[in-house]
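Enquirer: need coordinates for the below:
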Amino acid sequence: MKEKDATPHQRRTRIVATLGPATDPPEVLEAVLRAGVDVVRLNFSHGDPSSQVARGEAVRAMALKIGREIGILADLPGPKIRIETFAEGKVQLRAGERFDLVARNDVPPGDATQVGVSYLELPGDVVAGDLLLLDDGLVQLEVTAVEGERIVTRVINDSVLSNRKGLNKQGGGLSLGAITEKDRELIAVAAGMDVDFIAVSFCRNAEDMHEARRVARAHGSKAALVAKIERAEAIENLIEIVDASEVVMVARGDLGVEIGDAELPGLQKKIIRVAVAREKVVITATQMLQSMVESPIPTRAEVLDVANAVIDGTDAVMLSQESAAGSWPVKAVEAMARICVGAEKQFVADVDFEKARRGLERADHAIAMATMFLSEHIGVRAVVAMTESGGTARFLSRFRSSVPIYAFSRHAGARRRMALMRDVFPMDYDSRGQTPREAARGGIRLLVDAGFLAIGDRVVFTSGEHMETRGATNTLRLLQVGENGQAEGLGEL
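Expert: Numbering: from 1, shown residues only. From the prediction side, this is the model:
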């Protein structure tokens, strides 16, 4: 029997990595997952849907091989506005010159004077004086007039513009909805893959999330919905969007373009704070280790960026191009994991129960609050939660305490969804036919055998009086690991 000693730090912040050509070789995929990826992102904006289906199948097989719970996130393209193509592939734009955007289906390939746009309603959404930002803000155009289907602009800065670059309006205000017909088709594909998360791009309000959920459920998907906050309108409707979602993503690319770089750091902190306070999971994304697309090591600024997101309380940090198409996908994941651990060691849990939600109506919410209060005030080594859907683990993890949460569930889908939650370590355990006390003994024994607990450790254990019932958590026990590795009761609520 292992005696009580110092437990090595387990990384609490989760890592999402985008898959792509760089991770397609099986040996690379295995190395990336072993390096610490908790959830993979399939970006449906790129490639044929069949290629993403193949990647999803490869992840499921590899996760089984290495014995880890790996979630799959399907990221919908959404209504991304893009320019069309140029006859020569790209053009040089000069400051002060006129350049027109033409909203018509039959626009010929563009040149240095004009190019087509994919969103045909764009002329109705802009007026003279608006600033349009293309290619993530590298190209800036000021609208000088709207002439029917033609938007006349003045080039602000010398720049090169190439095919199919994205277009944003500074300050937001574009009227197009979040769920396109293409998204509806891709939701059906994602449902057929049994993905764990579906991300809605460019959502504006709660109704966009409700619509996506209706489509997903109609296709039999139980996936958690991820709201990508990347439009100015989403900031105005932040609380209603958070409440309508299971997960929130700080999508800093398009958001930074629309609201400006200066506002982005404060908004990132606000979104994380709001999501955690309203008991939702939050991902921080976009260009976190961008230099590692080409370099085997991150810059100091990138290290600080990731660390600050961890210290701010994000559940997960995300790699995009770094893992999907970069030269160093495995090193990027290793660097992300290393930075997270370093930041977590500096993170001081400050659980302020005075700010916790009052007037709780659900027993499982009340048990979660009582559990974390005990864990912070009497010194326990771990929280152990029996959960059907993962809801109990999510409530527990919102307190951002210093105590790891081991969440036992017999449902693979629930375990994969919990893989995105900070501080939560999902584990496979089938409690069917067991009483709560038998389940407690079995769960504690499993953790002792795995080396996570030792003789003398105290544990807070939560379960339901009626096992295998969703939302039925209503019991809290204070346990201690005895000399024989069995759980010994110290108290019960």
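
Enquirer: burial measure for the closest residue in space to Leu138 that isn't next to it in sequence, as a count.
Expert: Leaving aside its chain neighbours, Leu138 sits nearest to Ser159 (5.9 Å; criterion: Cβ to Cβ, 6 or more residues apart in numbering). Where you see a C-beta, it was placed from the backbone N, CA and C, and this is true even at glycine. For Ser159, the tally of surrounding residues (other Cβ atoms under 10 Å) stands at 17.

Enquirer: show me what contacts Ser159?
Expert: 92-93, 135, 138-140 (Cβ atoms under 8 Å, 6 or more residues apart in numbering).

Enquirer: ramachandran coordinates for it?
Expert: Dihedral pair for Ser159: phi -170, psi 160, per degrees, to the nearest 10.

Enquirer: let me see the contact set for His46.
Expert: Gly20.

Enquirer: ok, now how distant is it from His219?
Expert: His46 is 22 Å from His219, where distance means Cβ to Cβ, to the nearest Å.

Enquirer: before we move on, back to that, the residue nearest to Leu138 bridge partners, please.
Expert: Beta-bridge partners for Ser159, by DSSP bridges, are Leu93.

Enquirer: ok, now how distant is the closest residue to Asn237 other than its chain neighbours from Ile179?
Expert: Sequence neighbours aside, Asn205 is the residue nearest to Asn237 in space, at 4.6 Å (criterion: Cβ to Cβ, 6+ apart). As judged by Cβ to Cβ, Asn205 and Ile179 stand 12 Å apart.

Enquirer: look at Gly260 and report its pLDDT.
Expert: The model reports Gly260 with a pLDDT of 89.

Enquirer: list phi and psi for it.
Expert: Backbone torsions for Gly260, taken as degrees, to the nearest 10, come to phi 100, psi 140.

Enquirer: residue numbering should commence at 16 henceforth.
Expert: Got it, first residue is 16 now, which makes that one Gly275.

Enquirer: what sits against it?
Expert: Contacts for Gly275 (Cβ under 8 Å, 6+ apart) come out as Gln185.

Enquirer: how far away is it from Ala266?
Expert: In this view, Gly275 and Ala266 are 15 Å apart by Cβ to Cβ.

Enquirer: equivalent analysis for Asn252, please.
Expert: Taking Cβ to Cβ as the measure, Asn252 falls 15 Å from Ala266.

Enquirer: ok, the two, which is more surrounded?
Expert: Shown here are Asn252 and Ala266; by other Cβ under 10 Å, Ala266 has more neighbours (27 against 18).

Enquirer: per-residue pLDDT, that one?
Expert: Note on Ala266: pLDDT of 96.

Enquirer: all helices of the stretch 316-465 of the chain, in order?
Expert: For the stretch 316-465 of the chain, applying DSSP state H, counting those that start in this stretch gives helices covering 336-339, 344-361, 378-392, 406-412, 427-433, 451-464.

Enquirer: by contact count, what packs against the shortest one?
Expert: With contacts defined as 3 or more Cβ pairs under 8 Å, 6 or more residues apart in numbering; DSSP states H and E, helix 336-339 has these neighbours: strand 29-33, helix 344-361.

Enquirer: what about Leu148, which SS state?
Expert: Following DSSP: H, G, I helix; E, B strand; the rest coil, we place Leu148 in the strand state.

Enquirer: re earlier: okay, the helices of the stretch 316-465 of the chain in TSV with mean neighbour count next?
Expert: Formatted as TSV, the helices of the stretch 316-465 of the chain follow (neighbours: other Cβ atoms under 10 Å):
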stretch	mean neighbour count
helix 336-339	25
helix 344-361	20
helix 378-392	20
helix 406-412	26
helix 427-433	24
helix 451-464	19
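
Enquirer: surely Val132 meets Ala118?
Expert: Yes - under the criterion of Cβ atoms under 8 Å, Val132 makes contact with Ala118 at 5.3 Å.

Enquirer: okay, those two: which has more neighbours?
Expert: In terms of neighbours (other Cβ under 10 Å), Val132 is the more surrounded of Val132 and Ala118; the figures are 23 against 19.

Enquirer: check the gap between that one and Ala300 for me.
Expert: Here Val132 is placed at a distance of 26 Å from Ala300 (Cβ to Cβ).

Enquirer: what's near enough to touch the spatially closest residue to Phe212 that is not a sequence neighbour?
Expert: Spatial nearest neighbour of Phe212, excluding adjacent residues (Cβ to Cβ, 6+ apart): Leu88 at 4.0 Å. With contacts defined as Cβ under 8 Å, 6+ apart, Leu88 is in contact with 31, 54-57, 210-214, 241.
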